[in-house]
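**Q** next input, structure requested:
(chains A, B, C and D)
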Protein chains: 2
Amino acid sequence: MVNSLYICIMERDLSTEERIKEAAKQVFIIKGLAGARMQEIADAANINKAMLHYYFRSKDQLFKKIFDEVIGEFAPKILSILGEKRPLEVKVKDFVHQYLDMLSKNPFIPLFLISELRDQPEHVIEKVGIKRSGALDHLDQQLKTEAQAGNIRSIAPAHFMANLISLSIFPFLAKPILQSMFQMSDEDFSSFIEERKVLIPQLIMSSLKP
Amino acid sequence: MVNSLYICIMERDLSTEERIKEAAKQVFIIKGLAGARMQEIADAANINKAMLHYYFRSKDQLFKKIFDEVIGEFAPKILSILGEKRPLEVKVKDFVHQYLDMLSKNPFIPLFLISELRDQPEHVIEKVGIKRSGALDHLDQQLKTEAQAGNIRSIAPAHFMANLISLSIFPFLAKPILQSMFQMSDEDFSSFIEERKVLIPQLIMSSLKP
DNA sequence: GTCTATAAAGGGATAGAC
DNA sequence: GTCTATCCCTTTATAGAC
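**A** Have a look, this model is predicted:
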């Protein structure tokens, strides 16, 4: 019987390999590598365990495939916005808006990435590839220029980025605690995130006022 | 042979039970419940597996014991400061300072708690016990009073807390990524956190200016 | 490519001697 | 209380028929 915990991925227009990948993505993202079971993935994909090994040889290889796909899909979007040649305030607004939208649709991604960061930091860093991103250099330059022009206070890019990402991501990690603390329903939490699309840019920009 | 990954806990003045708990704490915090191995805990404690079961019966019970201890040690400190009857700015500074100090000494705690939040949200929430904390009520009242007096902008307590906690905790979760992005050594990261003790209260308070 | 059956390994838990 | 040896269930992985 099909496990109803996961959204239906039984569409017949998907190849077996695609079905497995979709199922594995859901299970791995929610359970992590150590917590996931091959049987559960097979059930979610509506095939038997043997097929998993036929297509991906081992659990580790399947996970690596999924992880690289997920990280490859999300990581590039993170920094590209901040590398654009547009006013700082516009980019911050755009970044927060797009980022919170993405996380609302994929709320388990942050924990998935951060858990893997614990076990294989070098792999995550390599795949994210942010070190070699030119976006950071441009942001760095922009922060310096604006500060010298007296438009904003001087701030280290590391703090700027840490603030921006922390404020955007962390509420999704702590969602159950926040919901308990402030008696939020799921709808309340969605509204809460919507409010943060406005609030976070305000917070970031107001702190940069000279 | 003793696993050198973990700090030495072989002091002979510790009882076997205490040695097990210390070892288990280190392994569980780093590997999580599903990822931890009883053999690894036994090795770290320099005893054999049978003793783990003799003292704690099962892996789940051992984990629960450790988890409750860890959470019981840290959770109460989180909100108590904010419940005190002191000026908002003083409390924010004090909170951030003490919180970052604690996290610097125990950098794996956030991931440990958040990972467990995925598998057993109700247990974490119950143990944290923040719902019934009067500290939140007092903070709520203080934010309202100050806003009505025109001293600060009006802000929902949920956003205030989310901002404060996000800015404080998240850098520890993303430490390897931040270090890679900004080429920080471990010493650099410590300095980075020191800077945030000043920066975060500034950020929070400046955003509250009317 | 897909299935059933089964091997092989891993790991939690226990028995029983000391 | 502490150890060795071992049980046995779970889970990964493979063999082989179709």
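**Q** show me where chain A has helices.
**A** Along chain A, counting by DSSP state H, helices occupy A:16-35, A:38-45, A:49-56, A:59-80, A:88-105, A:109-119, A:121-128, A:134-148, A:157-173, A:175-181, A:186-208.
**Q** export those as JSON lines, with columns for mean pLDDT and mean neighbour count.
**A** Every residue, glycine included, has its C-beta placed from N, CA and C. Rendered in JSON lines, the data for the helices of chain A read as follows (pLDDT from 0 to 100; neighbours: other CB atoms under 10 Å in any protein chain shown):
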{"stretch": "helix A:16-35", "mean pLDDT": "96", "mean neighbour count": "20"}
{"stretch": "helix A:38-45", "mean pLDDT": "97", "mean neighbour count": "21"}
{"stretch": "helix A:49-56", "mean pLDDT": "98", "mean neighbour count": "16"}
{"stretch": "helix A:59-80", "mean pLDDT": "90", "mean neighbour count": "17"}
{"stretch": "helix A:88-105", "mean pLDDT": "96", "mean neighbour count": "17"}
{"stretch": "helix A:109-119", "mean pLDDT": "92", "mean neighbour count": "21"}
{"stretch": "helix A:121-128", "mean pLDDT": "86", "mean neighbour count": "16"}
{"stretch": "helix A:134-148", "mean pLDDT": "93", "mean neighbour count": "15"}
{"stretch": "helix A:157-173", "mean pLDDT": "97", "mean neighbour count": "23"}
{"stretch": "helix A:175-181", "mean pLDDT": "94", "mean neighbour count": "20"}
{"stretch": "helix A:186-208", "mean pLDDT": "97", "mean neighbour count": "17"}
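**Q** would you turn those helices into a markdown table with distance to residue B:192?
**A** Converted to a markdown table, the helices of chain A look like this (distance: least, CB to CB, whole Å):
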| stretch | distance to residue B:192 |
| --- | --- |
| helix A:16-35 | 28 |
| helix A:38-45 | 39 |
| helix A:49-56 | 39 |
| helix A:59-80 | 19 |
| helix A:88-105 | 21 |
| helix A:109-119 | 17 |
| helix A:121-128 | 17 |
| helix A:134-148 | 16 |
| helix A:157-173 | 6 |
| helix A:175-181 | 25 |
| helix A:186-208 | 17 |
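**Q** wait, which of these is closest to residue B:16?
**A** Closest approach to residue B:16 among these (CB to CB): helix A:16-35, 27.4 Å.
**Q** show me what that closest one is packed up against.
**A** Applying 3 or more CB pairs under 8 Å, 6 or more residues apart in numbering or on different chains; DSSP states H and E, one finds that helix A:16-35 makes contact with helix A:38-45, helix A:49-56, helix A:59-80, helix A:109-119, helix B:16-35, helix B:109-119.
**Q** DNA strand C is nearest to which of these?
**A** Distance to DNA strand C, taken as CB to the nearest atom of the strand, is lowest for helix A:49-56 among these, at 3.3 Å.
**Q** helices or strands up against that closest one?
**A** If contacts are counted by 3+ CB pairs under 8 Å, 6+ apart, helix A:49-56 sits against helix A:16-35, helix A:38-45, helix A:59-80.
**Q** need the ones you listed in a markdown table with distance to residue B:88, can you?
**A** A markdown table is the format used below for the helices and strands packed on helix A:49-56 (distance: least, CB to CB, whole Å):
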| stretch | distance to residue B:88 |
| --- | --- |
| helix A:16-35 | 39 |
| helix A:38-45 | 48 |
| helix A:59-80 | 33 |
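**Q** how about those in TSV, adding distance to DNA strand D?
**A** Formatted as TSV, those follow (distance: least, CB to the nearest atom of the strand, whole Å):
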stretch	distance to DNA strand D
helix A:16-35	9
helix A:38-45	3
helix A:59-80	4
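**Q** what's the closest of the ones you listed to residue A:105?
**A** Residue A:105 lies closest to helix A:59-80 among the helices and strands packed on helix A:49-56, at 10.9 Å (CB to CB).
**Q** between that closest one and helix A:157-173, how many degrees?
**A** Angle, helix A:59-80 to helix A:157-173, by axes from the mean of the first three to the mean of the last three CA atoms, to 10 degrees: 120 degrees.
**Q** how far is helix A:59-80 from where the chain is centred?
**A** Chain-centre distance of helix A:59-80: 10 Å, with CA atoms, centre = their mean, to the nearest Å.
**Q** tell me if it is near DNA strand C.
**A** No - figure legend: helix A:59-80 not in contact with DNA strand C (CB under 7 Å from any atom of the strand); closest approach 11.3 Å.
**Q** is any part of that helix close to chain B?
**A** No - shown here: helix A:59-80 not in contact with chain B (CB under 8 Å from any CB of the partner chain), separated by at least 8.9 Å.
**Q** how is chain A partitioned into domains?
**A** Chain A breaks down by automatic domain parsing into domains covering A:1-57, A:71-208.
**Q** tell me how far the first one is from the chain's mean position?
**A** Centroid separation between domain A:1-57 and its chain, computed with CA atoms, centre = their mean, is 21 Å.
**Q** how about a markdown table for the helices and strands packed on helix A:16-35, with distance to residue A:185 added?
**A** Listed next are the helices and strands packed on helix A:16-35 as a markdown table, based on distance: least, CB to CB, whole Å:
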| stretch | distance to residue A:185 |
| --- | --- |
| helix A:38-45 | 27 |
| helix A:49-56 | 37 |
| helix A:59-80 | 27 |
| helix A:109-119 | 21 |
| helix B:16-35 | 29 |
| helix B:109-119 | 18 |
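**Q** about what we covered before: so for residue B:186, which of the helices and strands packed on helix A:49-56 sits nearest?
**A** Among the helices and strands packed on helix A:49-56, helix A:59-80 comes nearest to residue B:186, with 23.8 Å by CB to CB.
**Q** by contact count, what packs against that closest one?
**A** Counting contacts by 3+ CB pairs under 8 Å, 6+ apart, helix A:59-80 is packed against helix A:16-35, helix A:49-56, helix A:88-105, helix A:109-119, helix A:121-128, helix A:134-148.
**Q** how about residues contacting that helix?
**A** Outside helix A:59-80, the residues within contact range by CB atoms under 8 Å, 6 or more residues apart in numbering or on different chains are A:20-21, A:24-25, A:28-29, A:33, A:36, A:38, A:41, A:52, A:56, A:98-99, A:102, A:106, A:109, A:112-113, A:116, A:123-124, A:127-130, A:133, A:135-136, A:165.
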